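> the following block contains a protein sequence and its predicted model.
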There are 2 protein chains.
Amino acid sequence: MPVHMELRRIIISEIHEQQVILLREVDGERSFSIMIGIFEATSIDRRVKKLQSPRPLTHDLVANVIESLGGELRDIYISELRDHTYYAKLRIRMNGENVEVDARPSDAIALAVTANVPIYVAEDVLDEVCGE
Amino acid sequence: MPVHMELRRIIISEIHEQQVILLREVDGERSFSIMIGIFEATSIDRRVKKLQSPRPLTHDLVANVIESLGGELRDIYISELRDHTYYAKLRIRMNGENVEVDARPSDAIALAVTANVPIYVAEDVLDEVCGE
């Protein structure tokens, strides 16, 4: 069963290349962090703070493309942890069918925050990172 | 008439925040430059140099979303120059119809290089920046 998560913190460090986002279970106590790049971290941070941008940024473009082609982003799903790397999918409803598009978790989470859709994580990923 | 352009140079400066890409007419001599951010410049640069990335980056995600939803990116079109800002569109063929999605030129050009589609500029934009 996918577990509903929320973005809890974004930790931006100017001295490290890798930034950290912390996801926490909505109906529970478990949480884990994902390392992401500075561009994605600042992109997520701008969205959380609702900073306006004069032009659509790259993650707005992804959202606009989905909508313009008639799709509806339902949620994003962190599906797998393999060799210390997380894998995610955008889950899109299109003409009555489900379409999944592979994405890095950082892009997927930036898009979830942009489009205001839920973030899910596979139960076994959560078991693995939080202990059972 | 849209004018077919090619990406001629990317000038990345580590001391300035704004980077420069130079577009040049394919069948002519006119060229002009666009200022873009460092993230977009490095994204374009990686693509031009065909540097492999272990994971799909944000502009790959845009291309994957278009393809997964059944669209075909035909070209990108820099359509307007207003208050010193360029505006662009992704032109997508979808179910026999043309769909246009607004984008910043930097995202549009990064996508054109990723998906290997032509870059067009409106004739009046070119007239304005190059003189008539």
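Cool, got the structure. Numbering: from 1, shown residues only, chains lettered A, B, ... in the order given.
> for chain A, which residues are neighbours of chain B?
Contacts of chain A with chain B, taken as CB under 8 Å from any CB of the partner chain, map to A:39-40, A:55-59, A:61-62, A:64-66, A:68-71, A:85, A:90, A:92, A:94, A:99-104, A:107. In short, each C-beta sits where N, CA and C put it, glycine included.
> which ChimeraX command selects the buried ones in those residues?
Applying 16 or more other CB atoms under 10 Å in any protein chain shown to the residues of chain A next to chain B, the buried members can be selected in ChimeraX as follows:
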select /A:39,40,56,57,58,59,61,62,64,65,66,68,69,70,71,90,92,99,101,102,103,104,107
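> would you map the helices across chain A?
A:38-48, A:58-68, A:105-115, A:123-130 (DSSP state H).
> how about these in JSON lines, adding mean pLDDT?
JSON lines is the format used below for these (pLDDT from 0 to 100):
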{"stretch": "helix A:38-48", "mean pLDDT": "86"}
{"stretch": "helix A:58-68", "mean pLDDT": "96"}
{"stretch": "helix A:105-115", "mean pLDDT": "94"}
{"stretch": "helix A:123-130", "mean pLDDT": "91"}
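> will you turn these into TSV that also has distance to A:Glu14?
As requested, the helices of chain A are arranged in TSV below (distance: least, CB to CB, whole Å):
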stretch	distance to A:Glu14
helix A:38-48	9
helix A:58-68	22
helix A:105-115	18
helix A:123-130	26
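> single out the most deeply packed of the ones you listed.
Of all the helices of chain A, helix A:105-115 has the most neighbours on average by mean count of other CB atoms under 10 Å in any protein chain shown, namely a mean of 26.
> quick one: list the elements packing against that helix.
strand A:2-11, strand A:19-25, strand A:31-36, helix A:38-48, helix A:58-68, strand A:72-82, strand A:85-94, strand A:119-122 (3 or more CB pairs under 8 Å, 6 or more residues apart in numbering or on different chains; DSSP states H and E).
> quick one: distance of the second one to the chain centre.
Right, the one you point to is strand A:19-25. From the chain centre to the centre of strand A:19-25 is a distance of 10 Å (CA atoms, centre = their mean, to the nearest Å).
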